[in-house]
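[1] any chance you can model this:
(one chain, ligands or ions: 2)
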Amino acid sequence: MTTVLQNREALRAEIGKVAEVAGYLWKKGWAERNGGNITVNITEHVDEEMRGMKAIAGPFPIGKQLPHLEECWFYCKGTGKRMRDLARDPMANGSIIRICPGCSSYEIVADSPVMPTSELPSHLAVHDYLLVKGSPYRASLHTHPIELVALTHSRYWLEKDNATRMLWSMIPETKAFCPRGLGIVPYMLPSSVELADATIRTIDEDYDVVMWEKHGVFAVDVDIMDAFDQVDVLNKAAQIYIAGKAMGFEPEGMTSAQMKEMSVAFHLPK
Ligand code: 13P
Ligand code: ZN
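    Ligands and ions are numbered 1, 2, ... in the order given. Predicted coordinates for the structure are as follows:
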């Protein structure tokens, strides 16, 4: 099977990272069935020859107009596709799309007409926002990490920054590697434009990782490996908290002074 990745080493490497992360998501138990999705803004890896390629499907509406995505290209997990399958074969379980002129629809260019994830409105709206902000972030990840999702079944942990403070205090690395904490988006219908809008509003409060109540997380970073790492350190902290509870006590957490000392030493934001 011919693939657009042939002789495009940088693009192949980027999509290789997506496949690697998809395997981690499955092994962690965060990707039941088709759970979760990944998109990567690959525009910088698109050459003249690719730009000249004909679409193989579409145009399809995005559901939103996203003016800063003009001439942008994305790799997207396919809707209904499994992360464990994507890990083996990213181009059969995802596709490369380009945004059409007018920025309210897209077409599929390669390798085969795999329809993108149902969460495309949230992913593309976030990429549009990142470009407006001049952010170097090019990857977005939605996944269903067990312990973090469990936290959102409690009103207390849904209150702004209660979960962030607890998670940061479990182990110093959490704040070091997820320095903006965990934003909270109240429950909304999966794949809806409302969920996309609320995700942007919350990322704009200066979070890289936001929690979709009783559903999953949505994380952004420079590449998909870094987006995964942020979710991984947060979920590890949630597991430590739960382990303490299971041993029959309320975990103490690092003190405010210890947290402050660490933030200064590591030059962390907030
Ligand atoms: P897709 O299979 O459409 O990507 O949906 C998975 C999911 O997690 C929806 O929130
Ligand atoms: Zn989901």
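[2] which residue packs closest to whichever residue of the stretch 151-270 of the chain sits closest to ligand 1, ignoring adjacent ones?
    In the stretch 151-270 of the chain, the residue that lies nearest ligand 1 is P190 (4.3 Å; C-beta to the nearest ligand atom). Backbone N, C-alpha and C define where each C-beta goes, glycine included. Of all residues not flanking P190 in the chain, H215 sits nearest, at 6.4 Å (C-beta to C-beta, 6 or more residues apart in numbering).
[3] count the residues that sit near the one you found.
    Other residues lying near H215 total 18 when counted by other C-beta atoms under 10 Å.
[4] okay, it: pLDDT?
    What the model reports as pLDDT for H215 is 98.
[5] again, but for K270
    On the pLDDT scale, K270 gets 61.
[6] near ligand 1, which residues of the chain show up?
    Within the chain, the residues that sit near ligand 1 (C-beta under 6 Å from any ligand atom) are 34-37, 77, 79-80, 117-119, 142, 190.
[7] are any of the residues you listed buried, and which?
    Applying 16 or more other C-beta atoms under 10 Å to the residues of the chain next to ligand 1, the neighbour count classes 34-37, 77, 79, 117, 119, 142 as buried.
[8] isn't the residue of the stretch 151-270 of the chain closest to ligand 1 up against P121?
    No. Counting by C-beta atoms under 8 Å, P121 is not a contact partner of P190; they are 10.5 Å apart.
[9] domain ranges for this structure?
    By the assignment in automatic domain parsing, the chain contains the domains 1-139, 145-270.
[10] how about the strands of the protein, start to end?
    37-41, 57-61, 73-77, 94-99, 105-110, 139-143, 182-185, 209-212, 216-221 (DSSP state E).
[11] quick check: angle from the third one to strand 105-110?
    Think strand 73-77. 80 degrees (axes from the mean of the first three to the mean of the last three C-alpha atoms, to 10 degrees).
[12] now do the first one
    Counting by the same axes, to 10 degrees, strand 37-41 points 90 degrees away from the direction of strand 105-110.
[13] so where's the chain shaky on pLDDT?
    By pLDDT under 70, the low-scoring segments of the chain are 270.
[14] mind redoing it with 50?
    Judged by pLDDT under 50, the chain has no weakly predicted residues.
[15] burial measure for S140, as a count.
    The number of residues packed near S140 is 27, by other C-beta under 10 Å.
[16] with K54 instead?
    6.
[17] what of A238?
    23.
[18] got a list of what it touches?
    145, 147-148, 150-151, 167, 170 (C-beta atoms under 8 Å, 6 or more residues apart in numbering).
[19] same check on S256?
    So S256 contacts nothing (C-beta under 8 Å, 6+ apart).
[20] please report how far it lies from L268.
    Applying C-beta to C-beta, to the nearest Å, the value for S256 to L268 is 14 Å.
[21] what of S105?
    Distance, S105 to L268, by C-beta to C-beta: 40 Å.
[22] with A163 instead?
    18 Å.
[23] the two: which is more packed in?
    Higher neighbour count among A163 and L268: A163, with 25 against 16, using other C-beta under 10 Å.
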